[in-house]
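> Take this sequence and fold it.
(chains A and B)
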Amino acid sequence: MRLRILYFARMRERFGVGEESLAFDGATVADLLEVLRARGGVWAEELAPGRSFRVALNQHLVTPDVPLTDAAEVAIFPPVTGG
Amino acid sequence: MNIRVQTEVFDLGTEVEALRAGRLDVGAVASFVGYARDINDGSDVTAMTLEHYPGMTEKALVTLADEAAVRWSLIDVSIVHRVGRLLPGDPIVLVAVASRHRGDAFAACEYLMDALKTRAPFWKKEETPTGERWVDARESDAAAASRWEAKPQG
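Take a look at the predicted model:
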């Protein structure tokens, strides 16, 4: 499947990318996070287990066990700080 | 329901009048306005920039307003949140709730702000004399939001 992945705020700045299109063979959000962590460097650091971040699938917050679907929009971002 | 994300400044009086317009059943309006401060975590803050997730932000705010309308007896809700660069003293966010009686308006207004703080995709970056920094989420905001989960309806 192919995913559109968006990054926001601190993660966008640290990764140096706001958006990418990724060919993905896994099944869930957790699998995707493993693929991204395997890039090493800031990816492994920011997405390390225990680090605080959120994942949205098609613009709704989800947990790591949620399955991904082709052409999904996945967003990864730090805990929100609006208001 | 009036949900807006905008760079422009807003006016509390104008928003409240729009909420009440033509509605003589409104007996109460409770509102909250959040402002940019000139100090945070012990540092001077000279400006801040608010970023958001266009598309998800509006959906998240509509969801919060829907949740509040299920929990309390409301007539209408207005949520306005600014993005872009703001200076100390600038208004950031407005929540206004119209209902027949004050109890519903007060509770829903507080709920909406607590929920917005933890679930609406906005991020603040502050400018300080020593450089820029992303604001970290606060434990106290998570605690404020979670107390509504345990609370029975109303």
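> Might you report the residue contacts of residue 74?
No chain in the question, so chain A it is. In this structure, residue A:74 makes contact with A:3, A:4, A:5, A:6, A:29, A:32, A:55, A:56, A:57, A:68, judged by CB atoms under 8 Å, 6 or more residues apart in numbering or on different chains. All C-beta spots, glycine's among them, are computed from the backbone N, C-alpha and C.
> Chain B is the one I meant
Per CB under 8 Å, 6+ apart, neighbours of residue B:74: B:68, B:97, B:98, B:99, B:104, B:105, B:108.
> in chain B, which spans are strands?
Remark: strands assigned in chain B by DSSP state E are B:2-6, B:28-35, B:39-40, B:43-44, B:47-52, B:76-82, B:84-86, B:91-99, B:122-128, B:131-134.
> Save those strands as a markdown table, and put in distance to residue B:16 too.
Putting those into a markdown table (distance: least, CB to CB, whole Å) gives the following:
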| stretch | distance to residue B:16 |
| --- | --- |
| strand B:2-6 | 11 |
| strand B:28-35 | 5 |
| strand B:39-40 | 28 |
| strand B:43-44 | 33 |
| strand B:47-52 | 23 |
| strand B:76-82 | 8 |
| strand B:84-86 | 22 |
| strand B:91-99 | 6 |
| strand B:122-128 | 23 |
| strand B:131-134 | 33 |
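> For residue A:50, find the nearest of the ones you listed.
Closest approach to residue A:50 among those (CB to CB): strand B:131-134, 18.6 Å.
> what lines up beside the closest one in the sheet?
Take DSSP bridges as the rule and strand B:131-134 pairs in its sheet with strand B:122-128 (antiparallel).
> pLDDT of the partner strand, averaged?
Mean pLDDT, strand B:122-128: 97.
> Just the CA atoms of that strand, as CSV, please.
Written as CSV, here are the backbone C-alpha positions of strand B:122-128 (Å, rounded to 0.1, in the frame of the first residue of the first chain):
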residue,chain,number,x,y,z
PHE,B,122,-2.4,23.1,17.5
TRP,B,123,1.3,23.6,18.5
LYS,B,124,2.9,26.7,20.0
LYS,B,125,6.5,27.8,19.3
GLU,B,126,7.8,30.6,21.5
GLU,B,127,10.4,33.2,20.8
THR,B,128,12.5,34.0,23.8
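> which residues touch the closest residue to chain B within chain A?
Nearest residue of chain A to chain B (CB to the nearest CB) works out as residue A:82 at 2.5 Å. By CB under 8 Å, 6+ apart, the contact list for residue A:82 reads B:50, B:52, B:81, B:92, B:93, B:116, B:117, B:120, B:121, B:122, B:123, B:124.
> can I get the residues you listed in JSON lines with neighbour count and distance to residue A:49?
JSON lines is the format used below for the contacts of residue A:82 (neighbours: other CB atoms under 10 Å in any protein chain shown; distance: CB to CB, whole Å):
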{"residue": "B:50", "neighbour count": "23", "distance to residue A:49": "29"}
{"residue": "B:52", "neighbour count": "22", "distance to residue A:49": "27"}
{"residue": "B:81", "neighbour count": "24", "distance to residue A:49": "32"}
{"residue": "B:92", "neighbour count": "21", "distance to residue A:49": "33"}
{"residue": "B:93", "neighbour count": "22", "distance to residue A:49": "33"}
{"residue": "B:116", "neighbour count": "25", "distance to residue A:49": "28"}
{"residue": "B:117", "neighbour count": "22", "distance to residue A:49": "25"}
{"residue": "B:120", "neighbour count": "25", "distance to residue A:49": "26"}
{"residue": "B:121", "neighbour count": "26", "distance to residue A:49": "22"}
{"residue": "B:122", "neighbour count": "25", "distance to residue A:49": "26"}
{"residue": "B:123", "neighbour count": "24", "distance to residue A:49": "22"}
{"residue": "B:124", "neighbour count": "22", "distance to residue A:49": "26"}
